[in-house]
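>>> coordinates for the following, if possible.
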Amino acid sequence: MNSIAVVNFAPKKGSVEIREITRPAISDDEVLLEVANVGVCGSDLHQWTADHSWPVNYPVVLGHEFGGHIAEIGKGIKDWKEGDAVVSETAAVINAQSPLTRQGLYNLDPDRKGFGYGVNGAMTRFVKVPARCLHRIPENLSFEQACLTEPCSVAYNAVITNSKIRPGDRVIVIGPGTIGILCAAMAQLCGAHVALVGLKKDAERLSIAKQYGCDIIVDDATQWALEQDGLGVDCVIDAAGVSETLKLALKWVRPNGHITKVGWGPQPFNHSLDPLVQKNVTLQGSFSHNWPVWEKVLSLLATGRLDVRPIIGGIWPLEQWNEAFEAMHSGKVVKSILKPN
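Numbering: from 1, shown residues only. Next up is the predicted model:
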């Protein structure tokens, strides 16, 4: 049985198209998932525009933010059954013997390969998934919201695990994309006073971000950063897709403060890091997520304490992937979702 898929077939800009692919064959420890919804990630756009900085196994089906129903189960699987509604983590291939994997930090395993760049992803009807990646979707959570568990987990890991924000902290988030807005929402849940910074061209996305209760700043956040005591903010979360914004983070963070960089930026950072030294600042990277993070996020989504509905800009059939990509790329919407079936 063949299905259509959104395939990134070469490293050249614009090398994405609809192709027919065969139904995947699963191994004993995998399930075949019939995809209900798949979110478009900024990394999907970066592969489409060929300005990404990670290796890609071409040709590859895009899509790593997804959920669906189990259509087929491998012989070795006992904890799942056909028809179960699930979401999947992104670490499709890991080294089970890696010291990092054994610590539960398989997201940092050097051998890790993710859906949508390392192996075929979910912008198609069926995707094969290791059973270890699965999480059950709470009954009251729609697939449209559940498929965004992945970017919410990126934000949770950046803010809760890696930034250790406390109630009363002042926090600046740079970049009003999906991850930036969700980082702002997570910091709000921590009890922080949060400002989200974007550019004039981000007006539509910034207006959506207002629904999360954070302060909205266009261009320069210096005044906001200094207004309490003149020293800067406790934490800056840099969710912009460039390296240059680290200069702003170093300007706005207070001495002995914290910067978490979660946005990818392949271009070099052409400024001195002396302020990092002089201010005694902690610079923290944050990548991906793991099993306990997903469980916490699903709990937040199910209880309504985290609401992703404001950022969903529309749902497109798979055949209209280009329109969905363009809507996000232009900044008209924060998050596009594709519906393969």
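
>>> how close does residue 12 get to residue 51?
Between residue 12 and residue 51 the computed distance is 12 Å (C-beta to C-beta, to the nearest Å). In short, each C-beta sits where N, CA and C put it, glycine included.

>>> now swap in residue 327 and tell me
When residue 327 is compared with residue 51 (using C-beta to C-beta), they lie 19 Å apart.

>>> next: residue 274.
Counting by C-beta to C-beta - residue 274 and residue 51 are separated by 29 Å.

>>> again with residue 248
21 Å.

>>> okay, those two: which has more neighbours?
residue 248 (20 against 14; other C-beta atoms under 10 Å).

>>> surely that one touches residue 174?
Yes. With contact defined as C-beta atoms under 8 Å, residue 248 counts as touching residue 174 (6.4 Å).

>>> who touches both of the two?
197, 236 (C-beta atoms under 8 Å, 6 or more residues apart in numbering).

>>> show me the contacts for the residue nearest the centre of the chain.
Taking C-alpha atoms, centre = their mean as the criterion, residue 151 is the residue nearest the geometric centre of the chain, at 3.0 Å. Residue 151 makes contact with 39, 41, 65, 178-179, 182, 335, according to C-beta under 8 Å, 6+ apart.

>>> so which of these sit within strands?
Counting by DSSP state E, the contacts of residue 151 place 39, 65, 335 in strands.

>>> if you rank the residues you listed by neighbours, which is first?
Greatest neighbour count in the ones in strands among the contacts of residue 151, by other C-beta under 10 Å, goes to residue 65: 31 neighbours.

>>> ok, the closest residue to residue 194 other than its chain neighbours - contacts?
Of all residues not flanking residue 194 in the chain, residue 214 sits nearest, at 4.1 Å (C-beta to C-beta, 6 or more residues apart in numbering). Residues near residue 214 by C-beta under 8 Å, 6+ apart: 173, 184-185, 187-188, 194-196.

>>> and what of residue 155?
Under the criterion of C-beta under 8 Å, 6+ apart, the neighbours of residue 155 are 179, 182-183, 185-186, 262.

>>> and stretch 148-160, what's buried?
148-160 (16 or more other C-beta atoms under 10 Å).

>>> make JSON lines out of the residues you listed and add pLDDT and secondary structure.
As requested, these are exported to JSON lines (pLDDT from 0 to 100; DSSP: H, G, I helix; E, B strand; the rest coil):
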{"residue": "148", "pLDDT": "98", "secondary structure": "coil"}
{"residue": "149", "pLDDT": "98", "secondary structure": "helix"}
{"residue": "150", "pLDDT": "98", "secondary structure": "helix"}
{"residue": "151", "pLDDT": "98", "secondary structure": "helix"}
{"residue": "152", "pLDDT": "98", "secondary structure": "helix"}
{"residue": "153", "pLDDT": "98", "secondary structure": "helix"}
{"residue": "154", "pLDDT": "98", "secondary structure": "helix"}
{"residue": "155", "pLDDT": "98", "secondary structure": "helix"}
{"residue": "156", "pLDDT": "98", "secondary structure": "helix"}
{"residue": "157", "pLDDT": "98", "secondary structure": "helix"}
{"residue": "158", "pLDDT": "98", "secondary structure": "helix"}
{"residue": "159", "pLDDT": "98", "secondary structure": "helix"}
{"residue": "160", "pLDDT": "97", "secondary structure": "helix"}
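
>>> so who does residue 157 touch?
If a contact means C-beta under 8 Å, 6+ apart, then residue 157 has 286-290, 293 as its contacts.

>>> with secondary structure, pLDDT and distance to residue 300 added, can I get those residues in a markdown table?
Listed next are the contacts of residue 157 as a markdown table, based on DSSP: H, G, I helix; E, B strand; the rest coil; pLDDT from 0 to 100; distance: C-beta to C-beta, whole Å:
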| residue | secondary structure | pLDDT | distance to residue 300 |
| --- | --- | --- | --- |
| 286 | coil | 98 | 18 |
| 287 | coil | 97 | 21 |
| 288 | coil | 97 | 18 |
| 289 | coil | 98 | 13 |
| 290 | coil | 98 | 16 |
| 293 | helix | 98 | 11 |
